[in-house]
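Novice: just to be clear, the model below is a prediction. Sequence and coordinates:
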Amino acid sequence: MLSSDLLVHQLYRSEPVRAAVRERFGERVLRGGEIDRDALAARAFATAEDRAWLERLLWPLVGERIAAWRERQERRQPPPRALAVEVPLLFEAGMEGDFDATIAIVADERLRARRAAERGHRALDARAARQLSQEEKAARATYVVLNDGSVAELERRLEEVLRAIAGP
């Protein structure tokens, strides 16, 4: 599995992205020469224009890295039966056409907010306002998985979907 969030973390450590972010938002979004994600989120989600600028910078780069990863995986012998990529803003980024199937993992909004806060995410309201509703994501997805229980329950539900996608 590949995480687009991990790719964004890697991109933030690259000099071209760091330089572009510094030029746009100034030194206030850096700590020790590295991008401070919380400071950047506060700035980037402050206006629709700044958020859109950051998305235009990152999303094409993330898409390129996903495509390269997919090509490497498909060249493996034997090739994997299925590949999974975690993309929290899949539909918002317009990337759903890059995949054979999509899975929306949905949960009650209060539960999602609590989990995000527990992980230390900042600017939750601004981030949530940018995302499609759970209902919209579910309507667009090929498969929908409810994430209202334990990690083990989520894994079991996802395994069922992956078996349906990859076949026996």
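Specialist: Received, thanks.
Novice: beta partners of Arg31?
Specialist: Arg31 has these beta-bridge partners by DSSP bridges: Glu34.
Novice: and it, how far is that from Arg18?
Specialist: 12 Å (C-beta to C-beta, to the nearest Å). The way it works is simple: take the backbone N, C-alpha and C, and place the C-beta from them, glycine included.
Novice: of those two, which one has the most company?
Specialist: For Arg31 versus Arg18, neighbours defined as other C-beta atoms under 10 Å are more numerous around Arg18 (17 against 12).
Novice: okay, now Arg164: neighbour count?
Specialist: One correction, residue 164 is Ala, not Arg. The number of residues packed near Ala164 is 11, by other C-beta under 10 Å.
Novice: max-length helix in this structure?
Specialist: With secondary structure taken from DSSP state H, the chain has its longest helix at helix 48-75.
Novice: C-terminal to that one, what's the next element?
Specialist: Downstream of helix 48-75, the next assigned helix or strand under DSSP states H and E is strand 85-86.
Novice: packing partners for that following strand?
Specialist: Secondary-structure packing of strand 85-86 (3 or more C-beta pairs under 8 Å, 6 or more residues apart in numbering; DSSP states H and E): strand 2-3, helix 4-13, helix 48-75.
Novice: out of these, nearest to Glu159?
Specialist: Minimum separation from Glu159 across those (C-beta to C-beta) falls at strand 2-3, 17.8 Å.
Novice: list the buried residues of the stretch of helix or strand Glu153 belongs to.
Specialist: Per DSSP H and E, Glu153 falls inside helix 151-166. Buried positions in helix 151-166, judged by neighbour count with 16 or more other C-beta atoms under 10 Å: Leu154, Arg157, Leu158, Val161, Ile165.
Novice: equivalent analysis for stretch 61-77, please.
Specialist: Buried-residue list, stretch 61-77, by 16+ other C-beta under 10 Å: Leu61, Val62, Gly63, Arg65, Ile66.
Novice: what about the closest residue to Leu2 other than its chain neighbours, distance to Asp98?
Specialist: Nearest residue to Leu2, sequence neighbours excluded (C-beta to C-beta, 6 or more residues apart in numbering): Val85, at 4.7 Å. Using C-beta to C-beta, one obtains 9 Å as the distance from Val85 to Asp98.
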